[in-house]
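J.: Below is the sequence, then the predicted model.
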Amino acid sequence: MEPLLDMDEAAALLKLTKPQLYEICRTRARCRQSVPIPLVRIGKRKMFRASSLNEWVAKLEQTQSA
């Protein structure tokens, strides 16, 4: 099984700041995005899989080029 990334590691992978990633996660909760960011909640922590984030970026690229 692929290890989970915390907010710091996920932000680094996406080349975002931690506050930017928090905002993307909050937006996901407030309204339905066309391609919501994939996350796993463990208690209050938000965790991510690197492969899921890479797939999410690819889907964003497809929706923006269409």
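T.: That came in fine, so what should we check first?
J.: Going by C-alpha atoms from here, please, whenever you check contacts or count neighbours.
T.: Noted.
J.: Against which helices or strands is the helix or strand of the chain with the lowest mean pLDDT packed?
T.: Lowest by mean pLDDT, DSSP states H and E among the helices and strands of the chain is helix 18-30, with a mean of 85. Contact partners of helix 18-30 among helices and strands, from 3 or more CA pairs under 8 Å, 6 or more residues apart in numbering; DSSP states H and E: helix 7-14.
J.: Can you list the buried residues in the helix it packs on?
T.: Using 16 or more other CA atoms under 10 Å as the test for burial, helix 7-14 gives 7, 10-11.
J.: ok so, going back, list of residues touching the least confident helix or strand of the chain?
T.: Residues outside helix 18-30 that contact it (CA atoms under 8 Å, 6 or more residues apart in numbering) are 7-8, 11, 33, 36-37.
J.: Just want the angle from it to helix 7-14.
T.: 100 degrees (axes from the mean of the first three to the mean of the last three CA atoms, to 10 degrees).
J.: Kindly format the C-alpha coordinates of helix 18-30 as CSV.
T.: Taking C-alpha atoms only, helix 18-30 is exported to CSV below (Å, rounded to 0.1, in the frame of the first residue of the first chain):
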residue,chain,number,x,y,z
LYS,A,18,0.4,25.0,2.9
PRO,A,19,-2.3,27.8,3.1
GLN,A,20,-3.0,27.3,-0.7
LEU,A,21,-3.6,23.6,-0.2
TYR,A,22,-5.8,24.3,2.8
GLU,A,23,-7.9,26.7,0.7
ILE,A,24,-8.3,24.0,-2.0
CYS,A,25,-9.5,21.6,0.6
ARG,A,26,-11.9,24.1,2.1
THR,A,27,-13.3,25.0,-1.3
ARG,A,28,-13.9,21.2,-1.9
ALA,A,29,-16.0,21.1,1.3
ARG,A,30,-18.0,24.3,0.6
